[in-house]
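[1] can't give you the sequence, but here's the structure:
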Ligand SMILES: NC(=O)c1ccc[n+]([C@@H]2O[C@H](COP(=O)([O-])OP(=O)(O)OC[C@H]3O[C@@H](n4cnc5c(N)ncnc54)[C@H](OP(=O)(O)O)[C@@H]3O)[C@@H](O)[C@H]2O)c1
């Protein structure tokens, strides 16, 4: 194996730079994966911007990326049943590189026949949306409101909820042109938020009762509007803050409806707990992927060594779904 590898590195400017960096070595409990493809996430851009020295950022170089698919290339001690050559996918930092290190408990088998360039865009969405549904105590037959349903992970959340038996999925977008995108992902009722009272629209779509579960990717004022859209004893999970982290809520909505509010942030989850969240994807969620019930929406696929304007496209909000970076076989 080579001692160095190519990677997309932040810390030089507004875009990722292709650099030759040291290849990591697996330590105890770690798996080294030869990456075949890696996918973008919303969190990639703030990280890139915070490090951008041309705009007052830290200038500290870092290998970017959070999710990947590839093949096990080497194993540290104590890595369970993994074998060199296993096809895998996962969500772990520094994935925009030819090799990525992962805690062996955070690696998932690649469902048979799934192209790594598709699979790489699934793990973060699967673990986040399934982790959030689990936190909410979701069961088949329930209704789910997904705010920011056109987000890469929101689209996976909609398909996942349907695959797990959701009776009614309601999804929001700010863009009327994205109605079809949401419908194709399994959203039964699309709410275009500008100019619509979200709470009233959800109550109207649920016979006045409200949804059982909310998966909120938007935060800000939208989070507050989710509370009166939730049934008595229902659950609201904040996943993202696309519209900002501050929200002024009416505590009457919370108390009179006996709501439970959860916050999840799997990038900040302790490794043991994250291992349990990832283990929770087997077998039901991986089976849904294997039968084609859950597919990521991919904006475009480009070679990792030629990212072009990928960062700019994500930053501008023009991308629909994930951008995938591919690497040829070793
Ligand atoms: N909790 C966790 O563990 C976890 C894990 C992964 C991601 N996240 C968070 O989940 C969110 C989604 O991540 P992602 O990677 O899927 O995002 P993404 O694909 O980059 O989301 C893009 C979509 O977000 C919507 N959006 C952007 N700004 C918005 C605003 N101000 N108000 C409402 N909608 C807005 C837009 O939808 P429309 O144009 O259709 O409105 C856009 O199409 C992010 O906040 C991310 O940080 C959390």
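    On my side now, so go ahead. Nothing here was measured: the structure is a model prediction, and the numbers come from that model.
[2] What residues does the stretch 201-330 of the chain have near the ligand?
    Taking CB under 6 Å from any ligand atom as the contact definition, the stretch 201-330 of the chain meets the ligand at 217-218, 239-243, 264-267, 317. Any C-beta I mention is one placed from the backbone N, CA and C, and that applies to glycine too.
[3] Tell me which other helices or strands the strand or helix carrying residue 5 touches.
    Assigned by DSSP states H and E, residue 5 falls within strand 4-10. Strand 4-10 sits against strand 17-22, helix 44-51, strand 62-63, with contacts defined as 3 or more CB pairs under 8 Å, 6 or more residues apart in numbering; DSSP states H and E.
[4] Would you mind splitting this structure into its domains for me?
    Per automatic domain parsing, the structural domains of the chain span 4-122+296-326, 125-267.
[5] What's the mean pLDDT across the last one?
    It refers to domain 125-267. For domain 125-267, mean pLDDT rounds to 98.
[6] on that earlier part again, right, so of the helices and strands packed on strand 4-10, which gets closest to residue 129?
    When the helices and strands packed on strand 4-10 are compared by CB to CB, helix 44-51 sits nearest residue 129, at 18.5 Å.
[7] in the closest one, what's buried?
    By 16 or more other CB atoms under 10 Å, the buried positions in helix 44-51 come out as 44-45, 47-48, 51.
[8] ok, stretch 160-170 near the ligand or not?
    No. Using CB under 6 Å from any ligand atom, stretch 160-170 stays clear of the ligand, coming no nearer than 13.1 Å.
[9] got the buried residues for that stretch?
    Here stretch 160-170 shows 160-164, 166, 168-170 as buried, counting by 16+ other CB under 10 Å.
[10] Just give me the neighbour total for the residue nearest to residue 52 when sequence neighbours are not counted.
    Leaving aside its chain neighbours, residue 52 sits nearest to residue 14 (5.4 Å; criterion: CB to CB, 6 or more residues apart in numbering). Residue 14 is flanked by 15 other residues according to other CB atoms under 10 Å.
[11] For the ligand, what's the nearest residue on the stretch 201-330 of the chain?
    With CB to the nearest ligand atom as the measure, residue 240 is the residue of the stretch 201-330 of the chain nearest to the ligand, at 2.6 Å.
[12] Surely that residue is in contact with residue 218?
    Yes. Contact between residue 240 and residue 218 holds when scored by CB atoms under 8 Å: they sit 6.8 Å apart.
[13] what is in contact with these two at once?
    Common neighbours of residue 240 and residue 218, using CB atoms under 8 Å, 6 or more residues apart in numbering, are residue 148.
[14] Of these two, give the one with the bigger neighbour count.
    Neighbours were counted for residue 240 and for residue 218 using other CB under 10 Å; residue 218 has more, 27 against 21.
[15] contacting residues around that one?
    By CB under 8 Å, 6+ apart, the residues touching residue 218 are 147-148, 172, 240-243.
[16] So which of those sit within strands?
    Those of the contacts of residue 218 mapping onto strands are 147, 172, per DSSP state E.
[17] ok, now which residue in this structure is the farthest from the centroid?
    Distance from the centre of the chain peaks at residue 256, with 32.3 Å (CA atoms, centre = their mean).
[18] can you pull out the helices in the stretch 51-200 of the chain?
    Assigned by DSSP state H, counting those that start in this stretch, the helices in the stretch 51-200 of the chain fall at 116-119, 123-135, 152-163, 179-184, 198-205.
[19] Just put those in TSV and tack on distance to residue 21.
    As requested, those are arranged in TSV below (distance: least, CB to CB, whole Å):
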stretch	distance to residue 21
helix 116-119	21
helix 123-135	23
helix 152-163	26
helix 179-184	36
helix 198-205	45
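[20] sorry, back to before: among the helices and strands packed on strand 4-10, which comes closest to residue 153?
    Across the helices and strands packed on strand 4-10, residue 153 has its closest neighbour in helix 44-51 (12.9 Å, CB to CB).
[21] Show residues contacting that closest one.
    Counting by CB under 8 Å, 6+ apart, 10-11, 14-16, 55, 57-62, 64-66, 311, 314-315 sit against helix 44-51.
[22] In PyMOL, select just the buried ones from these.
    Remark: buried members of the contacts of helix 44-51, expressed as a PyMOL selection using 16+ other CB under 10 Å:
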select buried, resi 10+11+15+16+57+61+62+64+65+66+311+314+315
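[23] For the buried residues of helix 44-51, could you give me CSV that also reports distance to residue 71 and pLDDT?
    Listed next are those as CSV, based on distance: CB to CB, whole Å; pLDDT from 0 to 100:
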residue, distance to residue 71, pLDDT
44, 23, 97
45, 28, 97
47, 26, 97
48, 27, 98
51, 29, 98
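[24] Which pLDDT value goes with the residue lying closest to residue 61 once chain neighbours are set aside?
    Nearest residue to residue 61, sequence neighbours excluded (CB to CB, 6+ apart): residue 11, at 3.8 Å. pLDDT, residue 11: 98.
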